[in-house]
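> Model the following, please.
(chains A and B)
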Amino acid sequence: MVGVASWSLPRPRRNGPPYYSKSNVIQVLEQIGVLLELKGANPFRIRSYQNASRSLSNLEEDLWIVTNEGRLTEIKGIGKGIAGLISEAMSEGKWGEIGGLYDEIPSGLIEMLAIPGLGPKKIKLFYEELGIDSIASLKVAGEDGMLQGLDRMGAKSEQKVLDGIELLKRFSGKRRLDVGLLYGEALETRIASMTGVQRAQLAGSTRRRKETIGDLDIVAAVKPEDVELVTNQILSLPGIADIKGSGSSKVSIILGTEFFDEISEEGQVDGGVLEALGGDAWEELASSTTIDAQIRLVPPHVFSFTLAYFTGSKEHNVRMRQRALDQGLRLNEFGLFPLDAIGDLKGLEAAEFSLPAIEESDIYAHLGMAWVPPELREDYGEIEAALNDKLPTLMEPIQLKGAFHNHTTASDGTASLEQMAQAAQSLGWEFLGIADHSQILQVASGLSAEELHQQKDAIKALNESWSDSGVDFRIFHGNECDILPDGTLDYDAETRGILDHVVGSVHQLPTWKKRDEDVNTEALITAIEDPTFTILGHPTGRILGGRDGFDIDLHAVLRRMGELNAEGELKIVEINASPYRLDLDWRFCRYAKEQGVPIAINPDAHSTQGLKDVWFGAQIARKGWLETTDIINCRKGSDLEQLLW
DNA sequence: GCCGTTTTCGGCCCGACTGTTTTCAGTCG
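Sure thing, here's the model as predicted:
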């Protein structure tokens, strides 16, 4: 996940039980895993905590109910030990002995984990032998040559630590999906066109369309006799900031901005996002963007196995291996092998005994499964679905016929109503929803009630002109109405009543971030229950790489929306498609669908160019298992008139 | 710490690369 969670036990609620929320518990279990790593605990014990944390984040039910009904151990990955821990924490607000880990492990050790090439074992060694407990003291020790001479530490290892610290400063955190795709696809194209490369494809989290990307993975099919030739071509690419390593099957490089000089990044950033990222931090990021890339070179006949392997996710791969083992097969990046056929052969040497696979779909077919689209490979149920022919038919970006949440010069956009409408028509859209900011948001020039009426008249005139000339296009007049901290909406009910749709959004983040999850959830539900409320805009307010959203029980919010829809109302949840947000998170999409909540993919465009961001929203919708019928902006413009007018 | 139709112990996915060694430990994906 994005952002840096605090490294202390969360404060128990005053009015418990339950003393902790589900997200509190998920976070603590995850952090216990990390703390145990730094303590040098049994790696399998560590993984248990990680698995338990992961299982809980997939749990849709209320954790407090599950705890009280004694059903915790029914959750896969939670046994007697961790169930007891959770139960005590929720009902008594105590974390027992394990909570002591937080005092035992200095927080500086946790920060050191972020240094590339440095893991828990080395950090533990430095701490125990030299008392190093922060990145700063590690840097000093390295520069003084104190690290070499320790167990298995030489001059090169010491330099690697110092390099890692530099790298961390320059390359902190993850890249957004749009940046990853920009670099990744450019690199894929260049490598695919190199002499000796038969085929090249972007893999990794970029191919899976994760909202943020750690590094780039490219798989290239190269005959063994061409490996050296191709390696040399890669190493002489323009804009390589550094070479991290180069072996017979893998080249690891760091790309700098020069790689990218011919393609300029046209970011569509609204003022609030810039503010969230912080002026200096943003400048630094924009001017010094680098990205790690690993290129795997494999013989053509193993290409599909390597592509599948490095597309991941790790969790998906583990399940795939288990599935293979159940059939007496071993699956790795070189092939799919009958266990009795390969004996002691390993790696590439075994490849000739593999079952054949030209495409990835052949691998899945050998295991009795349908091909799983890369976006779904997260072990979120896709394995079971692929085995039972239950995979969804994912929506396609081309099916979008408009979007509901866009800004004009009336508030903080850069294009007029007419310009935005024209841009939408040139995209082939049948409708455009306008939702400028509401009056309370002065920093974004929110509209007064009077201005809102004027805007309505302007839209009415435009709609009539299209209708008169037989053009299948209309503007829906909405507003991005602020949800105030107590859950009331900006403007009075009468003013909101003139609108076709109300996009309710939270903008006063500091207030919401200070509050408990249950208070926020209640306020949001109050807002949604207002009869004029239509679409929940960027549900958590997160900025990727900038800030986490506020705490909220989205399952409860979506459940309530579903109930209201069942009563005949229309409550929609937005996937804010700005690559800076991608909020609703994909992990909640399927739940929204199951609860009967339609999804709107909204670019939150502040310019004509920004409308195209719907593409990123569509990627997230796909990742969230959504089909065309789940997306309300895949409906015809004329049908939407019936719903909104 | 979790798990189990080879179940209460002995497993827990697998391999490449680097730097340190002279057979391996740590890190990464």
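> how about the residues of the stretch 51-200 of chain A near DNA strand B?
A:51-52, A:73, A:76-83, A:115-123, A:148, A:152-158, A:160 (C-beta under 7 Å from any atom of the strand). From N, CA and C alone the C-beta is placed, and that goes for glycine too.
> From these, which land in helices?
Of these, the ones assigned to helices by DSSP state H are A:51-52, A:80-83, A:120-123, A:155-158, A:160.
> Quick check, pLDDT for A:G145.
For A:G145, the model assigns a pLDDT of 91.
> List the contacts of it.
Going by C-beta atoms under 8 Å, 6 or more residues apart in numbering, A:G145 touches A:E158.
> Would you state the helices of the stretch 101-250 of chain A in chain order?
Counting by DSSP state H, counting those that start in this stretch, one finds helices in the stretch 101-250 of chain A at the ranges A:101-104, A:107-112, A:120-130, A:135-143, A:155-170, A:177-192, A:204-207, A:227-235.
> so which of those gets nearest A:S411?
When the helices of the stretch 101-250 of chain A are compared by C-beta to C-beta, helix A:177-192 sits nearest A:S411, at 23.8 Å.
> pLDDT of the closest one, averaged?
The pLDDT scores in helix A:177-192 average 88.
> Compute the inter-axis angle for it and helix A:227-235.
Counting by axes from the mean of the first three to the mean of the last three C-alpha atoms, to 10 degrees, helix A:177-192 lies at 140 degrees to helix A:227-235.
> Now do the SS call for A:A293.
Three-state call for A:A293 (DSSP: H, G, I helix; E, B strand; the rest coil): strand.
> Next, find the distance separating the residue lying closest to it once chain neighbours are set aside from DNA strand B.
Counting by C-beta to C-beta, 6 or more residues apart in numbering, A:A293 lies nearest to A:L216, which is 4.1 Å off, once chain neighbours are set aside. Separation of A:L216 from DNA strand B (C-beta to the nearest atom of the strand, to the nearest Å): 10 Å.
> about what we covered before: counting neighbours, which of the ones in helices among the residues of the stretch 51-200 of chain A next to DNA strand B end up buried?
Neighbour counting with 16 or more other C-beta atoms under 10 Å marks A:N51, A:A52, A:I82, A:A83, A:P120, A:K122, A:I123, A:S157, A:E158, A:K160 as buried within those.
> wait, which of these is closest to A:L307?
Closest approach to A:L307 among those (C-beta to C-beta): A:N51, at 26.8 Å.
> mind listing what the closest one touches?
Neighbour list for A:N51: A:G77 [criterion: C-beta under 8 Å, 6+ apart].
> ok, now the one 3 residues further on?
By C-beta under 8 Å, 6+ apart, the contact list for A:R54 reads A:G77, A:E315.
> What of A:R635?
A:R635 makes contacts with A:K401, as judged by C-beta under 8 Å, 6+ apart.
> before we move on, back to that, which of the helices of the stretch 101-250 of chain A sits most buried?
helix A:204-207 (a mean of 24; mean count of other C-beta atoms under 10 Å).
> who does it touch, helix- and strand-wise?
The contact analysis (3 or more C-beta pairs under 8 Å, 6 or more residues apart in numbering; DSSP states H and E) places helix A:204-207 against helix A:177-192, strand A:212-213, strand A:216-222, helix A:303-311.
> Show me the one of these that comes nearest A:G16.
The closest of the helices and strands packed on helix A:204-207 to A:G16 is strand A:212-213. By C-beta to C-beta, the value is 33.4 Å.
> mean confidence for that closest one?
What strand A:212-213 shows for mean pLDDT is 88.
> That one: partners in the sheet, and parallel or antiparallel?
Sheet pairing here is set by DSSP bridges, and for strand A:212-213 it gives strand A:175-176 (antiparallel).
> Tell me who's in contact with A:V503.
Residues in contact with A:V503 (C-beta under 8 Å, 6+ apart) are A:404-405, A:435, A:478-481, A:534-537, A:574, A:602.
> strands paired with the stretch of helix or strand it belongs to, and their directions?
In the assignment (DSSP states H and E), A:V503 maps to strand A:501-505. Next to strand A:501-505 in the sheet, as set by DSSP bridges, lie strand A:474-482 (parallel), strand A:535-536 (parallel).
> Give me the contacts around the last one.
Applying C-beta under 8 Å, 6+ apart, the contact partners of strand A:535-536 are A:404-405, A:478, A:501-505, A:524, A:528, A:557, A:561, A:571-574, A:600, A:602.
> how about a cut-off of 7 Å?
A:F404, A:H405, A:H501, A:V503, A:G504, A:I528, A:I572, A:V573, A:E574, A:A600 (C-beta atoms under 7 Å, 6 or more residues apart in numbering).
> closest point of the stretch 451-600 of chain A to DNA strand B, which residue?
A:G545 (17.0 Å; C-beta to the nearest atom of the strand).
> And what about that residue, helix, strand or coil?
Assignment for A:G545 (three-state DSSP): coil.
> Would you mind listing where chain A has pLDDT under the threshold?
Judged by pLDDT under 70, chain A has its weakly predicted residues at A:1-6, A:170-173, A:257, A:260-289, A:342-346, A:546.
> Let's see that with 50 instead.
Residue ranges of chain A with pLDDT under 50: A:1-4, A:262-285, A:287.
> Quick check: A:H405 touching A:H606?
No: at 10.8 Å, A:H405 and A:H606 do not qualify as touching, with contact defined as C-beta atoms under 7 Å.
> Can you report how many residues lie near the closest residue to A:D178 other than its chain neighbours?
Spatial nearest neighbour of A:D178, chain neighbours left out: A:P579 (3.8 Å); criterion: C-beta to C-beta, 6+ apart. Residue neighbour count, defined by other C-beta atoms under 10 Å, stands at 25 for A:P579.
> Could I get the contacting residues of A:P579?
So A:P579 contacts A:R176, A:L177, A:D178, A:D613, A:F616 (C-beta under 7 Å, 6+ apart).
> how does it look with 10 Å?
Counting by C-beta atoms under 10 Å, 6 or more residues apart in numbering, A:P579 touches A:176-181, A:211-212, A:267-269, A:544, A:603, A:613, A:615-617, A:619-620.
> do the same with A:P224
A:P224 neighbours (C-beta under 10 Å, 6+ apart): A:S248, A:L297, A:V298, A:P299, A:L348.
> and DNA strand B, which of the residues you listed contact it?
Filtering the contacts of A:P224 for neighbours of DNA strand B using C-beta under 7 Å from any atom of the strand leaves A:S248, A:L348.
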